[in-house]
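> My questions are about this predicted structure, shown below with the sequence.
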Amino acid sequence: MFSRDNWKEIFETIHKNKLRTFLSGFTVALGILIFVVLFGMGNGLVNTFNEFFGDDATNVLYVFPGRTTIPYKGYKSNRRIEFDNSDLVDINKNFSMFVEYTTPRISRGGLVKYKNESNNYTTRAVGPAHQYAEKTIMMKGRFINEEDIKNKTKYVVIGRLVENDLFGNKNSLGEYIDVAGSAFMVIGVFQDDGGDNEERLIYMPYTTRQLIEKNNDKVDQIIVAFKPEIGYAGAMALDLSLNRFFKEKKYISPDDQNGIFIRNIADQLKQNQQFARVLQIIVAFVAFGTIIAGIIGISNIMVFVVKERTKELGIRKALGATPKSVIGSILLESVFITTISGFFGMLLGVFILNSMGEKLKDYFITNPYIDITMAISATLVLILFGAIAGYIPAKRAAEIKPIEALRDE
Amino acid sequence: MIEIKDLHKSYKMGSNSLHVLKGINFSVEDGELVAIMGSSGSGKSTLLNILGMLDVLDEGSYTLDGVPIKDLNETKAAQYRNKFLGFVFQSFNLINYKSAMENVALPLYYQKVGRKERQEKALKYLEQVGLREWADHLPSELSGGQKQRVAIARAMAAEPKVLLADEPTGALDSTTSYEVMDLIQKINDAGNTILIVTHEPDIADMCKRIVHLKDGVIVEDKKITQVRASQYV
């Protein structure tokens, strides 16, 4: 079946029936191309979702104080809840089993000046662990450390774009900047994958901020990172116990939904990943639909091809072609065309996906890609079904009596 | 060469069947040139199709070159056709995307003859029918007579025991018809057995024997003096 002579005969047939070759090749190539591109975009969608959360640690809970809405234990409703340093200590003490680190965060806006340059930036007063919670990457210098907290040093760590804005190309390390009227020394410059806004932040020790603000011990919000090994269930449990702990400590009614808020990144991440996965399944479904459409397309063409060749096959049979050689030549021809065009479509699809890269980021598609084994299997499936689709009409054609085939005008 | 005994063939036409051949007894010797004549519906094409193993018989026996042709599956029939028979059709039945030479070489391909030898043989037979220069032309570039001559070359290429021609001149004008008959006579002169189905008396007169079919039976079977086609060419 695979002698050089057979191939030569098949190549000649392919070469001399260009429209037929083009039609079947085009169907297969298009089917695979659409499949690869759609499937890749589905992956791109998932990439985008992962990236949204990739710039922050995913094992953190953000605890915010709110206002009560229910009177409780002699306190009126609409009372503002505030956190202070003792809450940090309590969390570390009571939840040490689960908690990896904690850091407070006090956010203030304000004018920041360096020589003639000035701009408004958000300043976050934080603890050293904040670096891990936000996945802040140090470009030069260092982040705030425990010594800074203890000594309430007037140091700041500035974002890459802050340095750009205020210092231009000059080195900012060791320079003093004016933050809301006080001079701070720049000890580090950072970058962050979270985007431009994240790189226009200024970090300072939270104790320094408290000192400036009349030496109080208030904290805006607390970031609690749990140990990754406690898993998703552990995170949910910690979420609940933190809620209960603070409601008790701050005299908030257990039924009050607004006294305290906890944003659980792990939970959000999981929900979003599920959403992305559902989207991917839908896209994959559409993609498989394309493959099936491709299979139907190639089947139709094979039926048409065999019908068109009925007379020729009759002639060949009258000249001594056996049913086996008739089926063999039709099948080899179709498999050959589907293989070549299938892999062409696949490569083109992969190429399109690769060239897309970040271009569709605005449409929530980042770095679309397809697993090469996936692409090849889809191509093989199409080739296989193309062969099966070709076999049925080929077998029927081979069984037609030559006399009937010859009568077919 | 051909031995047919008590051959019956009928076709199912819906509920009733059409009895086409009603007991044919017929034999052909080596080197004969036989015309099978009859009006349409007389069963002459059916007889030729059965002889050519393109159709199967219902009753009776058929022996070709000492081989009983019976209960053949498609594969066996294809092999026998390839080995024993050459076909010439009224509508030429050349493969339209293959050149004259490739058409002639096709039966040899199914005989698994090597490519070089196939081409040599194809050219040799094209030479015999006088179309050596047209070897690379497609059927669409040939005239009717040329197409039929290519078809005859193709039928001869496999070196068959018997050449079967179904109305070989049916689609040709008389001059071209005589040219084709001249070729057929020359092939016969070389010792080949040929059967021709025709309804044209002048074509039948160019054979050596005429078999008349009417309503599925042989009504006349006579040897005649051959009229040479060369005198008209």
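Yep, that arrived.
> elements contacting the helix or strand encompassing residue A:377?
Under the criterion of DSSP states H and E, residue A:377 resides in helix A:372-399. Contact here means 3 or more CB pairs under 8 Å, 6 or more residues apart in numbering or on different chains; DSSP states H and E; on that basis helix A:372-399 packs against helix A:18-54, helix A:265-308, helix A:310-318, helix A:323-356. (C-beta placed from N, C-alpha, C; glycine too.)
> can you redo the ones you listed as JSON lines with distance to residue A:245, mean pLDDT and mean neighbour count?
Listed next are these as JSON lines, based on distance: least, CB to CB, whole Å; pLDDT from 0 to 100; neighbours: other CB atoms under 10 Å in any protein chain shown:
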{"stretch": "helix A:18-54", "distance to residue A:245": "26", "mean pLDDT": "83", "mean neighbour count": "21"}
{"stretch": "helix A:265-308", "distance to residue A:245": "18", "mean pLDDT": "82", "mean neighbour count": "17"}
{"stretch": "helix A:310-318", "distance to residue A:245": "83", "mean pLDDT": "86", "mean neighbour count": "23"}
{"stretch": "helix A:323-356", "distance to residue A:245": "48", "mean pLDDT": "88", "mean neighbour count": "20"}
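> Mind putting those helices into JSON lines with distance to residue B:162?
Shown next, in JSON lines, are the helices and strands packed on helix A:372-399 (distance: least, CB to CB, whole Å):
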{"stretch": "helix A:18-54", "distance to residue B:162": "36"}
{"stretch": "helix A:265-308", "distance to residue B:162": "31"}
{"stretch": "helix A:310-318", "distance to residue B:162": "14"}
{"stretch": "helix A:323-356", "distance to residue B:162": "23"}
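> Would you tell me which of these gets closest to residue A:90?
Between residue A:90 and the helices and strands packed on helix A:372-399, the shortest gap by CB to CB is with helix A:265-308, which sits at 21.6 Å.
> list the contacts for residue A:239?
A:61, A:262, A:264, A:267 (CB atoms under 8 Å, 6 or more residues apart in numbering or on different chains).
> Mind listing what's buried along the lengthiest helix in chain B?
The helix spanning the most residues in chain B, taking DSSP state H as the definition, is helix B:174-189. Within helix B:174-189, the residues that count as buried by 16 or more other CB atoms under 10 Å in any protein chain shown are B:176-185, B:187-188.
> Likewise for stretch B:89-109?
Taking 16+ other CB under 10 Å as the criterion, stretch B:89-109 shows B:89-95, B:97-109 as buried.
> Centre of the chain to the next helix or strand after the longest helix of chain B, how far?
Past helix B:174-189, further along toward the C-terminus, the next helix or strand under DSSP H and E is strand B:193-197. Remark: strand B:193-197 is offset 6 Å from the chain centroid, using CA atoms, centre = their mean, to the nearest Å.
> So which elements touch strand B:193-197?
Packed next to strand B:193-197, using 3+ CB pairs under 8 Å, 6+ apart, are strand B:33-37, helix B:44-51, strand B:162-166, helix B:174-189.
> per-residue confidence averaged over it?
Strand B:193-197 carries an average pLDDT of 93.
> Dump it to CSV, keeping only the CA atoms.
Only the C-alpha atoms of strand B:193-197 are listed here, as CSV (Å, rounded to 0.1, in the frame of the first residue of the first chain):
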residue,chain,number,x,y,z
THR,B,193,-9.5,-12.5,-30.1
ILE,B,194,-11.9,-9.6,-30.4
LEU,B,195,-15.7,-9.3,-29.7
ILE,B,196,-17.5,-6.2,-30.9
VAL,B,197,-21.1,-5.2,-30.0
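> That one: partners in the sheet, and parallel or antiparallel?
According to DSSP bridges, strand B:193-197 forms sheet pairs with strand B:33-37 (parallel), strand B:162-166 (parallel).
> what's the closest of those to residue B:14?
Checking the strands paired with strand B:193-197 against residue B:14 by CB to CB gives strand B:162-166 as the closest, at 26.2 Å.
> Residues in contact with that closest one: which ones?
Outside strand B:162-166, the residues that touch it by CB under 8 Å, 6+ apart are B:1-2, B:28, B:45, B:48, B:51-52, B:64, B:84-90, B:152, B:155-156, B:184, B:187, B:192-197.
> mind listing what's buried in it?
Neighbour count says strand B:162-166 has B:162-166 buried, by 16+ other CB under 10 Å.
> what does stretch A:73-81 give?
Within stretch A:73-81, judged by 16+ other CB under 10 Å, the buried ones are A:79, A:81.
> Endpoints of it, how far apart?
End-to-end distance of stretch A:73-81 (CA to CA, to the nearest Å): 15 Å.
> Contacts for it, please.
Outside stretch A:73-81, the residues touching it (CB under 8 Å, 6+ apart) are A:65-71, A:250-252, A:259-260.
> Residue of chain B nearest chain A, please.
residue B:82 (2.4 Å; CB to the nearest CB).
> quick one, what contacts residue 38?
All of this refers to chain A. Here residue A:38 is in contact with A:283-284, A:286-287, A:290 (CB under 8 Å, 6+ apart).
> wrong one, I was asking about chain B
B:44, B:199, B:212-214.
> Filter those residues down to just the buried residues.
By 16+ other CB under 10 Å, the contacts of residue B:38 give B:44, B:199, B:212-213 as buried.
> Switch these over to TSV; also include distance to residue B:11 and secondary structure.
Output for the buried ones among the contacts of residue B:38, formatted as TSV (distance: CB to CB, whole Å; DSSP: H, G, I helix; E, B strand; the rest coil):
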residue	distance to residue B:11	secondary structure
B:44	15	helix
B:199	20	coil
B:212	22	strand
B:213	16	strand
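> possible to save those as TSV with distance to chain A?
Formatted as TSV, those follow (distance: CB to the nearest CB, whole Å):
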residue	distance to chain A
B:44	14
B:199	18
B:212	23
B:213	18
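> rewinding a little: in space, what's closest to the residue of chain B closest to chain A - neighbours in sequence excluded?
residue A:320 (2.4 Å; CB to CB, 6 or more residues apart in numbering or on different chains).
> just to revisit the earlier point, could the strands paired with strand B:193-197 be laid out in JSON lines, adding mean pLDDT?
Output for the strands paired with strand B:193-197, formatted as JSON lines (pLDDT from 0 to 100):
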{"stretch": "strand B:33-37", "mean pLDDT": "93"}
{"stretch": "strand B:162-166", "mean pLDDT": "91"}
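> Ok, which of the ones you listed comes nearest residue A:51?
strand B:162-166 (74.7 Å).
> thinking again about what came up before, now list the buried members of the contacts of residue A:239.
With neighbours counted by 16+ other CB under 10 Å, the contacts of residue A:239 contain buried members at A:61, A:262, A:264.
> in the stretch 101-250 of chain A, what residue is nearest chain B?
Per CB to the nearest CB, residue A:193 is where the stretch 101-250 of chain A lies closest to chain B, at 61.2 Å.
> Can I take it that residue A:113 is in a strand?
Yes - Residue A:113 forms part of a strand when assessed by DSSP: H, G, I helix; E, B strand; the rest coil.
> who's in contact with it?
Per CB under 8 Å, 6+ apart, neighbours of residue A:113: A:166, A:177-178.
> sorry, back to before: quick one: the residue of the stretch 101-250 of chain A closest to chain B and residue A:134 touch, right?
No - using CB atoms under 8 Å as the test, residue A:193 is too far from residue A:134 to be in contact (9.9 Å).
> domains for chain A, by residue range?
Using automatic domain parsing, the domain parsing of chain A gives A:4-53+A:271-407, A:102-223.
> Please state the offset of the shortest one from the chain centre?
Here the centre of domain A:102-223 is set off from its chain's centre by 30 Å, with CA atoms, centre = their mean.
> The longest one now?
A distance of 29 Å separates the centroid of the chain from that of domain A:4-53+A:271-407, by CA atoms, centre = their mean.
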